[in-house]
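1. A predicted structure for the sequence below; I have some questions about it.
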Amino acid sequence: MSDPFDEINRQIRQDHSEIRERNAKREAVWRQSPAMRLASNLLQGPFGHEPVGEEEHGVMLLRTREAMLREPLVQRYLNYLEYSPKPHSNTEWWHALGHQYIVIHGLTKARSYADVVAHPAQEGELVTLLDPRLFQDDTHEGALKDIGPHEFSYEWIGRVMRAKTYLWHQNTYDAATAAPLVPHVVQPNALPFDDLFFSFENAAFLMSRHTTSNFTEAGEEVTATSETWWMHISRLGPAGFALVFDRYLIPDDEQWLPQHHIMFEVIPYGSRWPEDFEDRDSYNVIGTVLRMLAFMQAPFVDANPSPRELPRDIRKDYKRALKEPPLKEVSIVTLRRKLNEPIWRPGDAEPNGSGRVYRNSWWVSGHYRWQWFPSEQTHRLIAIDQYIKQRGKPMLPRLYDVSQ
């Protein structure tokens, strides 16, 4: 399979060309009209130009960081995290939105591996480290060209900001990830929107497939627990979509500081699960996301984003700050009904059955299916709810393996 970053880098070069063209037009207007020059300076700074290069994007990241810290929602969410009886538990919809803003703030401080090596962290400082695979030399596949860490972070802040927000409670996350993933081909219909932000009620413990330990520069092995608290999925044009997620490493030995990584995976359209992902270190995370995307589009799941108004106290904070509170569409992923055993009258026929007659009824567990849709002339990965086979018969008892 061709390197999916080829399409991303082509798009980056096209975007840079368009930015330079727009900046040139704005500069021409600035030179020709004193009035436009004054308005441009008031609205967007000199020339009203878009940032170009690492230095200008670094300035924009600093401004964004300061703006996010002034956001009343960010202040309220940080206060909630500090005083919550259950550490870092996102239970309300506005927690997910506050979490999304905190991720944006974190991206403004994210550093490349090369920068951390050149300027080591201060004692007690928690560094947010961008995936080191992104910024390698031109001989590596799977690396970004013509874009540096500051520009990448600024670009991704825009994508996270416009993403649809989803809160995954623990029970729906468990239901979505309980069944194994069937072989299938990744297609554009996997994404209901161009950008999605997933916030979890509790940490998702998603260990990497191949890396169970980490090593110091001296080669010393350090075992750690890996937590993932958020995920962002973003469409990358016709190439596929990107999965960005945090990996918070907590060393078992307290002498080592925790590490916060922002990981980046490209999932190309046309790639096959599982064979095209078996060598990925984030194999387990990718499989989880593919299940979640199918699960949230199932008819027995409610994941439709709806406009929500912030709680009254937070709205008052915005009023005191002379700012308009955000009106954001947020979805709480929920099951439309509880997964309890339905009751049927004896003698009910099995709909669309094979005609076979059995002496008992039994549960068929929830599972995923690679389903052909003739009306669309395409396949979809769909989630099937658990159901009872051969309705109306005496129910076979469920057997549980309790062996150790």
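-> Alright, I've got the coordinates.
2. any idea of the mean pLDDT in the helix or strand hosting residue 21?
-> Remark: residue 21 resides in helix 5-32, with elements defined by DSSP states H and E. For helix 5-32, mean pLDDT is 73.
3. same check on stretch 251-271?
-> Mean predicted confidence for stretch 251-271 is 87.
4. quick check: buried residues in that stretch?
-> 256, 259-269, 271 (16 or more other C-beta atoms under 10 Å). Every residue, glycine included, has its C-beta placed from N, CA and C.
5. low-scoring stretches of the stretch 301-404 of the chain, by residue?
-> 337-365, 386-404 (pLDDT under 70).
6. just the strands in it please.
-> Taking DSSP state E, counting those that start in this stretch to define them, one finds strands in the stretch 301-404 of the chain at 301-302, 306-308, 328-335, 362-364, 367-373, 378-384, 387-389.
7. do the stretch 101-250 of the chain as well
-> Under DSSP E, counting those that start in this stretch, the stretch 101-250 of the chain gives strands at 128-130, 164-168, 184-185, 195-204, 213-215, 221-235, 240-251.
8. by mean pLDDT, show me the worst of those strands.
-> strand 213-215 (a mean of 54).
9. how is the chain divided into domains?
-> 1-50, 52-335, 340-404 (automatic domain parsing).
10. give me whichever of the ones you listed is most buried.
-> Among these, the stretch with the highest mean neighbour count (mean count of other C-beta atoms under 10 Å) is domain 52-335, at a mean of 17.
11. re the thing from before, need the strands of the stretch 301-404 of the chain in a markdown table (columns: distance to residue 136).
-> Converted to a markdown table, the strands of the stretch 301-404 of the chain look like this (distance: least, C-beta to C-beta, whole Å):
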| stretch | distance to residue 136 |
| --- | --- |
| strand 301-302 | 39 |
| strand 306-308 | 41 |
| strand 328-335 | 36 |
| strand 362-364 | 47 |
| strand 367-373 | 35 |
| strand 378-384 | 32 |
| strand 387-389 | 49 |
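12. residue 11: which of these is closest?
-> The closest of the strands of the stretch 301-404 of the chain to residue 11 is strand 378-384. By C-beta to C-beta, the value is 24.7 Å.
13. contacting residues around the closest one?
-> 176, 179, 182, 184-185, 187, 189-190, 290-291, 293-295, 297-298, 300-301, 366-373 (C-beta atoms under 8 Å, 6 or more residues apart in numbering).
14. from residue 252, how far out is residue 159?
-> With distances taken as C-beta to C-beta, to the nearest Å, residue 159 is found 34 Å from residue 252.
15. need phi/psi at residue 252.
-> phi -70, psi -30 (degrees, to the nearest 10).
16. grab the nearest non-local neighbour of it.
-> residue 223 (4.9 Å; C-beta to C-beta, 6 or more residues apart in numbering).
17. and the furthest pair within the buried residues of stretch 251-271?
-> The widest separation within these (C-beta to C-beta) is 39.7 Å, between 256 and 269.
18. who's in contact with residue 162?
-> residue 195.
19. same deal with the one 10 residues further on?
-> The neighbours of residue 172, taking C-beta under 8 Å, 6+ apart as the test, are 295, 301, 333, 334, 335.
20. format the residues you listed as CSV; extra columns: distance to residue 321.
-> Output for the contacts of residue 172, formatted as CSV (distance: C-beta to C-beta, whole Å):
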residue, distance to residue 321
295, 38
301, 37
333, 31
334, 33
335, 38
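21. from these, pick the one nearest residue 62.
-> Among those, and counting by C-beta to C-beta, the member closest to residue 62 is residue 333, at 34.9 Å.
22. could you list the low-pLDDT ranges of the stretch 51-200 of the chain?
-> 137-142.
23. now do the helices in it.
-> For the stretch 51-200 of the chain, the helices defined by DSSP state H, counting those that start in this stretch cover 53-69, 72-83, 93-109, 113-118, 149-162, 170-177.
24. for residue 127, which of these is the nearest?
-> Closest approach to residue 127 among the helices of the stretch 51-200 of the chain is made by helix 113-118 (5.9 Å; C-beta to C-beta).
25. give the other helices and strands that the closest one contacts.
-> If you count contacts as 3 or more C-beta pairs under 8 Å, 6 or more residues apart in numbering; DSSP states H and E, helix 113-118 packs onto strand 128-130.
26. wait, is residue 260 part of a strand?
-> Yes: looking at residue 260 with DSSP: H, G, I helix; E, B strand; the rest coil, it is inside a strand.
27. so it makes contact with residue 245?
-> No: at 11.6 Å, residue 260 does not count as touching residue 245 under the criterion of C-beta atoms under 8 Å.
28. shared neighbours of the two, anything?
-> By C-beta under 8 Å, 6+ apart, no residue touches both residue 260 and residue 245.
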